[in-house]
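K.L.:
Predicted structure and sequence below. I'll ask about it afterward.
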Amino acid sequence: MVEGRKDGATLYIDTWVMSCRAFSRRIEHQCLKMLFDRYHADEIAFEFMPTPRNGPLQDFFADIAGERPTRAVRLDAYPV
């Protein structure tokens, strides 16, 4: 489940719920690509706060952004 809003060319994601099994299968990469494509977004901003329970999401952000996030995450293009 993904919830958020679009403002101009930026898509703001407030909630992203996905099972750990889905993350381990790299489905999150396809979901991110789909969000950029479907909403014609130039940027996606994630309201993010690290917790002990969102480790897979932290790993995903580290994989695409190069480091584990400590606060909100903004992506300006889908990483190829």
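P.N.:
Received, thanks.
K.L.:
need the contact list for Ala72.
P.N.:
Shown in contact with Ala72 (CB atoms under 8 Å, 6 or more residues apart in numbering): 45-48. Backbone N, C-alpha and C define where each C-beta goes, glycine included.
K.L.:
again, but for Ala77
P.N.:
By CB under 8 Å, 6+ apart, the contact list for Ala77 reads 36, 42.
K.L.:
In the contacts of Ala72, which residue is surrounded by the most others?
P.N.:
Counting neighbours by other CB atoms under 10 Å, Phe46 leads the contacts of Ala72 with 21 neighbours.
K.L.:
Now do the same for that residue: its pLDDT.
P.N.:
In the prediction, the pLDDT value recorded for Phe46 is 92.
K.L.:
ok, what's across the strand from it?
P.N.:
Applying DSSP bridges to Phe46 yields these beta-bridge partners: Ile13, Val73.
K.L.:
That one touches Ile64, doesn't it?
P.N.:
No: applying CB atoms under 8 Å as the test, Phe46 and Ile64 come out as separate, 11.1 Å apart.
K.L.:
which of the residues in the lowest-mean-pLDDT helix or strand in the chain are buried?
P.N.:
Taking mean pLDDT, DSSP states H and E as the measure, the chain has helix 20-24 as its least confident helix or strand, at a mean of 78. Under the neighbour-count criterion of 16 or more other CB atoms under 10 Å, helix 20-24 has Phe23 buried.
K.L.:
Equivalent analysis for stretch 27-41, please.
P.N.:
Under 16+ other CB under 10 Å, the buried positions of stretch 27-41 are 28, 32, 35-36, 41.
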